[in-house]
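**Student:** Provide a 3D model corresponding to the input given below.
(chains A and B)
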Amino acid sequence: MKNLLANLWEKIVTSRPWKATFRYGLPNNPLDRSLIMTESLFFHLHPVKVNKKSIKPLYSMGLGIITTVMFIILSITGIFLMFYYVPSTELAYFDIVKLQTKVPFGQLLRNMHRWGAHAMVLTAILHMVRVFYTGAYKPPREINWIIGVFLLLATFIGSFTGYLLPWDQLAFWAITVGTSVATYEPLMGKTIQKILLGGPEVGQASLTRFYGLHVMVVPAVLFILIAFHLWRVRKDGGLAANEIPDEMEAENDN
Amino acid sequence: MTTKDRSFSRGSRKTYNLVEIVKSPTTMKDRGPENTIFAFPIVAILELALALGSTLFLILFSLLKDAPLEELANPLITTDPAKAPWYFMGLQEMLEHMHPTLAGIILPGVAVAFLISIPFIDYSKENAGVWFSTAYGKKIVGWTALYTVISMTGFVLLDNAFPPRELLRDVLPNLITQSVIPGSVMTFLVVLPVLVLMRTKKEKPTAREVMLVLFTVLFFTGVVLTLTGFLFRGPGFELYLPWAMPNGYNPLDGL
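**Tutor:** Residues are numbered from 1 along each chain as shown, chains lettered A, B, ... in the order given. Below is the predicted model of the structure:
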């Protein structure tokens, strides 16, 4: 029986469709464990080898990965929410009520999007704090730190634009208070607020703009920045815990 | 130094080799160069566990707690208190204590500019990838965090009890009471721990140590102000204990 399974397995991984799909063998040996990292779309974000220190749970706490996972969950649940939601001041609120009461798993869907958004903001902040305290912004990672700062700001904007969409009292007044901060900029403040809201106060034009920003612009910006951020992590040598003191350099400095 | 120089040590006058027989395929038995291991499968397992774990946690939490939905938006009825989302409550709290341009534009702008400039102020590669860099760094962070929590809470409470904008309204111009006084107090609170660091350390503090102080002040100021605004501000944006809010207001309902 065991032999039969092994034979079958062997047949599958040596078959033409398998070899056409995966250009590496079963990753149980050093060569294929290297190839899987260089040949597969997902794993190419990773180095072939990592420092044991960098995978210790208490080093990075996985905060960057959790933030990315939240972004993926938000994208998926967000698409489903778009199926049931019309960004109109007449309909939006009642669409949400209908979603929660009539649509199967509608309430769960909305809950996951709401709590996931809060979680993403929180983990993005904690990720920045972790990166700072571990000194992971030091050269050659300066630019990735700056991309990270912009990612945090984009995350704020993503969450903030989504806050208005349920069109309830909480949403309306939070956005009224939030956008009023822009008016305190002495030169352009009023103009900035008008551009954001599409008028002097929160109304249909604001809902349309926030919806467009929330479902299209911000996710696109986040996607591009995240891709750039991950690529930079890889190019800068993985997590900073992979850094090893350069013995030759130390020798030369003495 | 070029990479070429790095590969071999130059000018070595070594004319001998030490050789030993090791019973394994390579001398790095069970240990890659620089203590590395193959990323596959351990990294894949860790990432999968994190993804599944956080998704599961989110689903469970979503089953237990419903997202809030209040009445239909009504521009004619202001909610009391009217609060921004929690991550902007630090900003809204600052608006209570100083001129809006200072609280809403200048200080946040300074904070972002500071964050962006960190890697260009502290550009030494030393101790990258080590929490708090050194034992001394850990001590700096601990004391600065304690100092910030106490001083910022004190600032909020004192300013709330004796607001200079109201008490000195007829005595001094608005520019001084709303901007110069709170701005100077904030600057003093931020600079003080840096001065303490310079006095306590015998040699000149490193850029990293100064950054540790400033970032810790920024982060814990954000925490104190956000928690104050989010949890301790009730109707009329007055300070209350979160569990003793009037009118049945619960700050957690506004998440």
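**Student:** where does chain B have low pLDDT?
**Tutor:** Scanning chain B for pLDDT under 70 picks out the ranges B:1-14, B:22-34.
**Student:** again, 50 this time
**Tutor:** Along chain B, the parts satisfying pLDDT under 50 run over B:1-5.
**Student:** Then chain A?
**Tutor:** Residues of chain A that meet the cut-off, pLDDT under 50, sit at A:247-254.
**Student:** The same query, at a cut-off of 70, please.
**Tutor:** Those would be A:244-254, if you go by pLDDT under 70 across chain A.
**Student:** which residues in the chain form strands?
**Tutor:** Answering for chain A, as no chain was given. Using DSSP state E, the strands found in chain A span residues A:49-51.
**Student:** Chain B, not that one
**Tutor:** Under DSSP E, chain B gives strands at B:36-38.
**Student:** residue nearest the centroid of it?
**Tutor:** B:Phe219 (2.7 Å; Cα atoms, centre = their mean).
**Student:** Am I right that that one is in contact with A:Leu126?
**Tutor:** No - when contacts are counted by Cβ atoms under 8 Å, B:Phe219 is not listed as touching A:Leu126 (10.2 Å). Just so you know, the C-beta spots here come from the backbone N, C-alpha and C atoms, and that holds for glycine as well.
**Student:** the longest helix in the chain is where?
**Tutor:** Looking at chain A here, since you left the chain open. The residue-count maximum for a helix in chain A (DSSP state H) belongs to helix A:106-133.
**Student:** sorry, should have said chain B
**Tutor:** helix B:135-161.
**Student:** gap between that one and the chain center?
**Tutor:** Relative to the centre of its chain, helix B:135-161 is centred 13 Å away, using Cα atoms, centre = their mean, to the nearest Å.
**Student:** Could you do stretch B:232-248 as well?
**Tutor:** For stretch B:232-248, the distance to the chain centre is 26 Å (Cα atoms, centre = their mean).
**Student:** same thing with stretch A:182-192?
**Tutor:** On Cα atoms, centre = their mean, the centre of stretch A:182-192 falls 30 Å from that of its chain.
**Student:** wait, does it contact chain B?
**Tutor:** Yes - applying Cβ under 8 Å from any Cβ of the partner chain, one finds stretch A:182-192 touching chain B at A:Ala182, A:Tyr184, A:Glu185, A:Pro186, A:Gly189.
**Student:** Generate a ChimeraX selection restricted to the buried entries among these.
**Tutor:** Buried residues among the residues of stretch A:182-192 next to chain B (16 or more other Cβ atoms under 10 Å in any protein chain shown), as a ChimeraX selection:
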select /A:182,184,185,189
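**Student:** Just the closest of the residues of stretch A:182-192 next to chain B to B:Leu95, please.
**Tutor:** The closest of the residues of stretch A:182-192 next to chain B to B:Leu95 turns out to be A:Tyr184 (Cβ to Cβ; 8.1 Å).
**Student:** Can you give the domain ranges for chain A?
**Tutor:** For chain A, the structural domains run A:2-40, A:59-240, going by automatic domain parsing.
**Student:** oh sorry, the question was meant for chain B
**Tutor:** B:36-65, B:86-254.
**Student:** Could you dump those domains into CSV with distance to A:Pro57 added?
**Tutor:** Putting those into CSV (distance: least, Cβ to Cβ, whole Å) gives the following:
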stretch, distance to A:Pro57
domain B:36-65, 8
domain B:86-254, 13
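**Student:** now those in a markdown table, with distance to chain A?
**Tutor:** Below are the domains of chain B laid out as a markdown table (distance: least, Cβ to the nearest Cβ, whole Å):
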| stretch | distance to chain A |
| --- | --- |
| domain B:36-65 | 4 |
| domain B:86-254 | 4 |
